[in-house]
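Peer 1: need coordinates for the below:
(3 chains)
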Amino acid sequence: MAYDLTLRIWRGDASGGGLVDYTVEAEDGEVVLDAVHHVQAQLAGDMAVRWNCKAGKCGSCSAEVNGRPRLMCLARLSTFSRGEPITITPLRTFPVIRDLVTDVSFNYRKAEMVPAFTPTAEQPTAPFRMAQVDVERSQEFRKCIECWLCQDTCHVIRDHDDNKEAFSGPRFFIRYAELDMHPNDALDRKKLVQEDRGLGLCNITKCCTEVCPEKIKITDNGIIPMKERVVDVKYDPVRLFRRRRGGDDV
Amino acid sequence: MAAPTTPAPPERPRADIGTKTLRTDAWWRAPAISAFVLTAFVVYATIAVFYNKDYYYAPYISPFYSPCLVAGCHLAAQGYTHARVNVPHLTVLGYWWSISPAILILIFPLGYRLTCYYYRRTYYRSYWLSPPACAVAEPHKRYTGETRFPLILQNVHRYFFYAGLVLNAILTYDAVVAFRTHTGQWGHFGVGTAVLLINATLLWLYSLSCHSCRHIVGGRLKHFSRHPIRFKMWGVVSKLNTRHMQFAWSSLIWVALTDLYVRLVASGTIHGAWV
Amino acid sequence: MPEYERHTYDVVVIGAGGSGLRAAIAAHEAGARTAVVCKSLLGKAHTVMAEGGIAAAMGNLWPDDNWKVHFRDTMRGGKLLNNWRMAELHAKEAPERVWELEQWGALFDRTKDGLISQRDFGGHRYARLAHVGDRTGLEMIRTLQQRTVQLGVDVYMECTVTDLMRDGDRIAGALGYWRESGRFVVFETPAVVLATGGIGKSWKVTSNSWEYTGDGHALALRAGATLLNMEFIQFHPTGMVWPPSVRGLLVTESVRGDGGVLRNSEGRRFMFDYIPEFFKAETADTEEEADRWYDDKKNNRRPPELLPRDEVARAINSEIKAGRGSPHGGVFLDIASRRSPEYIEKRLPSMYHQFMELAEVDITREPMEIGPTCHYVMGGVEVDPDSAASRVPGLYAAGEVAGGMHGANRLGGNSLSDLLVFGRRAGEHAAAYASEIGGGRPVVPDEDVTVGVRTALAPFDSGGAENPYRIQQELQDAMQDLVGIIRREQEMQLALKTIHDLQERSKALAVEGNRQYNPGWNLALDLRNMLLVAEAVALAAMERKESRGGHTRDDFPMTDYDFWGKRNVVIELAGGGAVHLRLQDLPEPPPELAALLEEPH
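Peer 2: This is a model prediction of the structure:
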């Protein structure tokens, strides 16, 4: 069943912009990205929007729908009340390029700073022997599709541009967690992530977990375990003493 | 990495959206409810702590005042002299101690809850508005998170967890002795027994579902496969951990209700064989 | 001439999917100054859509598996039209390439012994696909991306290459533009690796994204290279059919590999009615035998649901045409009644998620509705099997854009391994070529840059009024209806005529706005490639007068082993840009490999 849908889309660029209303015909079963494509094909051919797979697998079509960071391809129209316009704005945390497209290079810079996976001396070359239970925690984090919604929603940088230098963000905290939990990784990045990547700036308010389209438990399974691991090497006197004595780290 | 992927970022502006949030749902509701309940608890607990009487009615003792630390603890139980039989009585403070002993006890559960990962989320949102809700701008100009004093002290959470375990053991003991009559005979079961039992259970669930607990029992291991028993324990704690929020609230509310119940009984407001 | 942004490299890789990144890593490690240029952000390439796994005969679960069996399966799945040498290299090198990913941090699902687990897939005799749940492509691209970043390879994101530049016959560079600003950029390089993927965006029901506009195929043609067997298009048997917005979206073959079966509206497991002679000996003919196979592969034959994709797609098509389809015009894919909810959620998490989120269907309780969707092009740039070099000196191609490897039909799981094996070979050989050239580097001719820029900017002042979105849609309709799963001479004639009309109309394309991140303009430029490649497909499909793999002719339903079984259809551009077609003999495998193909099950 087709019906008229009004989209209120932010159009503009670095020099300014504003919300513009477009009314298109929408159908049952469609998602916000479909409606945006109708606008593009019928009313505004030059409207900038990123998208690729349209199936929630690539993480390209991130935007803020009615103020909430989401993937437009997973935002079903049936979940919005008919008759009310749907507002779509670009990710707020990153500089705008045009319309719904933002400059997300911040994230790629943070990615470059991650010291890569380094196999242990025990098993230096693949094929490795690793038990399924040992890889499962890291596998959860590798589900990340890098849509940057967690980075966008995180108030540490969303509300404070000046923290961007010192803060890698939730996506990369789970990357560090992934490597720290990798059963065959030799590097210890715990102090690095606390002292240099801004783990301490996180106040675990969990918005990253709320927006994750992959439903990764970013806070409970990634950030908090990392914080606890950091306590082991930085703040817990008993463990520090044991480590100094050469006790095993379990 | 070379230039193309990572152009030195010239300061580029964000989209000029204006409004602080475009959320159309009632995003303020959850933080408001949390703030209300937390505040109500703090107000109640403060009154209860400084009231310094009506906290004991054999065999029930208020969790705020357990263990008994002052020499005159049993005197709080009006009309009964069997108090020693029934409650753990660690007389570390003499009759000279005049202010409420609950202050000394409550430091630990208070510290535990203050540094708890779940409560941190809640009070940072509800009280400090940092942020009030996801994608809603916070009012502060600067933000340093948990990187410096005093918030860096959040890292001692695990020590409060250990202390919490000790208190849980004591409150469990209280719940067990609540199966005795005020004269010390086994077989009593009153509403108060159930109240104390539920209280101890919820506190255990809250403690065992704690993130630090999860880390300590197995989370810090690199190879679960080499520690099968700890892996099992980690699995159980992980399951509980997904309900940490529910346990945090229910145990908080119940501990206040437990104190209230003991208080009502001890003050004689409610009475009867069933209490 | 205006000043353009210029960069100098030894090797430029176009495309940042699996093959592009693997090529870049190889070229970089061989010492070449290397850049990757891609239309999207890094990590978003179509490889992330791959779900099932990477086929590699590691023998972790079935010690009897080895490269010879994999080679045989690949060739038979491709209806023996594969380039035998590519199939051989692929089968031999795939395990090494998978282990390499593990070395770089990939975390595959494990066997009980802690080795990489392998899963069953259509056309593979043994459980052979290294996988991570059903998101293997994501694992692969992330691993390669992280490796690329670690090595410090330059990546030009959201940058589209519009033309290859030549100095005489040799590659001299590439012309592209930044999508963000619309500004042009010239890459000066003696070696280009095409890794641009496929062409599926020219069909209406497709599992492919907007990027799949056949850029590499078109760039290669215009640079003087040849395309091979473009008539072979794989329609994946299981795409979503409802809701309309996700029509065509892939439903992984792993659903069938893990026990899912196909049923029609009467509840019948209809695949038993469609077992072709060619696969009779190795396919179960009773439900009982088929069900036993999952646990005992030695003594039972595989279920017909796991026949190669072309067979299954045609069978589904026939059932729907016969009126035994599902309410939304597909058939039922049922795993709910055959496996426990826990098993389904563990093995197929993203399918569970996809149906729940997009169709509100709980696949642990209800069957899915599925139908064929355009998925992959077997045809592509004709390359030398060992070096991935095209006919043009300095031009290499790897992955979906290259032809020959998969013959008339690709087996599931062979794509990811293809990307790795030939991506690496292309990168290494391109680097070697660039270093051999030494000081005699080719020069990008200024005139060609000027012409390229002028062509690219034409839509801004064509004076016409054609909407690029409209033209794209008409092309998709034409290819879907007239050059789809089942083909007929007259319909393809009509398709060609439509394509020519659209080519004519696209000279009058009009775009709004300016060059800055303008999707209308970007599409207008992609259309040029889509139309050229569509023409190549239609011509090749009309020429091959037989049915085989991903090419089914209603008017020539038989497979012709004597003539067409020994011929490749080759497409090139004649002078003046006309598409020209010729036949070429298929290379024959040496006797020891030919003998493998005849091996009984």
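Peer 1: against chain A, how distant is residue B:167?
Peer 2: Note on residue B:167: its distance to chain A, by C-beta to the nearest C-beta, to the nearest Å, is 20 Å. All C-beta atoms are positioned from the backbone trio N, CA, C, and that covers glycine.
Peer 1: residue C:506 now?
Peer 2: Distance from residue C:506 to chain A, by C-beta to the nearest C-beta: 14 Å.
Peer 1: try residue B:53
Peer 2: Relative to chain A, residue B:53 is positioned 39 Å away (C-beta to the nearest C-beta).
Peer 1: torsion angles phi and psi at that residue?
Peer 2: Phi and psi for residue B:53, reported as degrees, to the nearest 10, are phi -160, psi 180.
Peer 1: tell me the pLDDT of it.
Peer 2: At residue B:53, the model reports a pLDDT of 85.
Peer 1: same question for the one 5 residues further on.
Peer 2: The pLDDT attached to residue B:58 in the predicted structure is 82.
Peer 1: quickly find the element holding the residue nearest to it when sequence neighbours are not counted.
Peer 2: Spatially, and ignoring its direct neighbours in sequence, residue B:58 is nearest to residue B:182 (3.8 Å; C-beta to C-beta, 6 or more residues apart in numbering or on different chains). Following DSSP states H and E, there is no helix or strand that holds residue B:182.
Peer 1: can you tell me how far residue B:182 is from chain C?
Peer 2: To chain C, residue B:182 is 52 Å away according to C-beta to the nearest C-beta.
Peer 1: you'd agree that residue is up against residue B:59?
Peer 2: Yes - using C-beta atoms under 8 Å, residue B:182 is in contact with residue B:59, at 5.8 Å.
Peer 1: give me the more crowded residue out of those two.
Peer 2: Neighbours per residue, other C-beta atoms under 10 Å in any protein chain shown: of residue B:182 and residue B:59, the larger number sits with residue B:59, 28 against 17.
Peer 1: please look at the more buried one and residue B:181 and confirm they touch.
Peer 2: Yes - look at residue B:59 against residue B:181 with C-beta under 8 Å: they come within range, at 7.0 Å.
Peer 1: what's the overlap in contacts for these two?
Peer 2: residue B:188 (C-beta atoms under 8 Å, 6 or more residues apart in numbering or on different chains).
Peer 1: pick out the residue of the stretch 251-400 of chain C closest to chain A.
Peer 2: residue C:357 (5.5 Å; C-beta to the nearest C-beta).
Peer 1: okay, and that residue sits in which element?
Peer 2: Assessed by DSSP H and E, residue C:357 sits inside helix C:349-359.
Peer 1: tell me what that helix is packed against?
Peer 2: Packed against helix C:349-359 by the contact rule (3 or more C-beta pairs under 8 Å, 6 or more residues apart in numbering or on different chains; DSSP states H and E) you find strand C:233-240.
Peer 1: do the strand it packs on and chain A meet at all?
Peer 2: No - counting by C-beta under 8 Å from any C-beta of the partner chain, chain A is not contacted by strand C:233-240; separation bottoms out at 8.9 Å.
Peer 1: and that strand, what does it pack onto?
Peer 2: helix C:309-321, helix C:349-359, strand C:368-377.
Peer 1: what angle do strand C:368-377 and that strand make with each other?
Peer 2: 150 degrees (axes from the mean of the first three to the mean of the last three C-alpha atoms, to 10 degrees).
Peer 1: so for stretch B:177-188, what's the average pLDDT?
Peer 2: pLDDT averaged over stretch B:177-188 gives 88.
Peer 1: can I get it in CSV? Just the C-alpha atoms.
Peer 2: Extracted C-alpha coordinates of stretch B:177-188, given in CSV (Å, rounded to 0.1, in the frame of the first residue of the first chain):
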residue,chain,number,x,y,z
VAL,B,177,19.2,-16.5,62.2
ALA,B,178,15.9,-15.0,61.3
PHE,B,179,14.7,-18.6,61.2
ARG,B,180,15.1,-18.6,65.0
THR,B,181,12.6,-17.1,67.5
HIS,B,182,13.7,-14.2,69.6
THR,B,183,14.6,-16.7,72.3
GLY,B,184,16.9,-18.6,70.0
GLN,B,185,14.8,-21.6,69.0
TRP,B,186,14.9,-22.8,65.4
GLY,B,187,11.8,-23.0,63.4
HIS,B,188,10.6,-19.4,63.3
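Peer 1: what about residue C:23, how many neighbours?
Peer 2: 37.
Peer 1: next one: the strand or helix carrying it to chain centre, how far?
Peer 2: Using DSSP H and E, the element containing residue C:23 is helix C:18-29. Offset of helix C:18-29 from its chain centre (C-alpha atoms, centre = their mean, to the nearest Å): 18 Å.
Peer 1: and the most centrally placed residue in chain B, what does it touch?
Peer 2: Central residue check for chain B by C-alpha atoms, centre = their mean: the C-alpha nearest the mean position is that of residue B:113, 4.4 Å away. By C-beta under 8 Å, 6+ apart, the contact set of residue B:113 is B:119, B:248, B:252.
Peer 1: what packs against the strand or helix carrying the first one?
Peer 2: According to DSSP H and E, residue B:119 maps onto helix B:117-126. Judged by 3+ C-beta pairs under 8 Å, 6+ apart, the packing partners of helix B:117-126 are helix B:29-51, helix B:244-266.
Peer 1: gap between residue C:174 and chain B?
Peer 2: From residue C:174 to chain B the distance is 14 Å (C-beta to the nearest C-beta).
Peer 1: and for residue C:213?
Peer 2: Applying C-beta to the nearest C-beta, the value for residue C:213 to chain B is 23 Å.
Peer 1: likewise for residue A:73?
Peer 2: Residue A:73 is 19 Å from chain B, by C-beta to the nearest C-beta.
Peer 1: do the same with residue A:214
Peer 2: 17 Å.
Peer 1: show me where the stretch 351-500 of chain C has strands.
Peer 2: C:368-377, C:380-381, C:395-397, C:486-487 (DSSP state E, counting those that start in this stretch).
Peer 1: select, out of those, the one closest to residue C:406.
Peer 2: strand C:368-377 (8.1 Å; C-beta to C-beta).
Peer 1: what about the closest one and chain A, touching?
Peer 2: No - residues of strand C:368-377 contacting chain A under C-beta under 8 Å from any C-beta: none, with a closest distance of 11.9 Å.
Peer 1: so what does that strand touch, helix or strand wise?
Peer 2: Where contact means 3+ C-beta pairs under 8 Å, 6+ apart, strand C:368-377 is packed against strand C:233-240, helix C:309-321, strand C:331-334.
Peer 1: which secondary structure elements does the second one contact?
Peer 2: In terms of contacts (3+ C-beta pairs under 8 Å, 6+ apart), helix C:309-321 is packed against strand C:233-240, strand C:261-263, strand C:331-334, strand C:368-377.
Peer 1: tell me which helix or strand of chain A sits lowest on mean pLDDT?
Peer 2: Using mean pLDDT, DSSP states H and E, helix A:237-244 stands out as the lowest-scoring helix or strand of chain A, at a mean of 88.
Peer 1: any weak-confidence spans in the stretch 1-150 of chain C?
Peer 2: Filtered on pLDDT under 70, the stretch 1-150 of chain C yields the residue ranges C:1.
Peer 1: can you check chain A too?
Peer 2: For chain A, the stretches with pLDDT under 70 are A:247-250.
Peer 1: quick one: the helices in it?
Peer 2: A:32-42, A:105-112, A:132-141, A:149-153, A:155-158, A:170-181, A:190-195, A:207-211, A:224-234, A:237-244 (DSSP state H).
Peer 1: as TSV, the ones you listed with mean neighbour count and distance to chain B would be great.
Peer 2: As requested, the helices of chain A are exported to TSV (neighbours: other C-beta atoms under 10 Å in any protein chain shown; distance: least, C-beta to the nearest C-beta, whole Å):
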stretch	mean neighbour count	distance to chain B
helix A:32-42	22	14
helix A:105-112	18	5
helix A:132-141	20	5
helix A:149-153	28	5
helix A:155-158	26	4
helix A:170-181	25	7
helix A:190-195	18	9
helix A:207-211	23	4
helix A:224-234	21	4
helix A:237-244	12	9
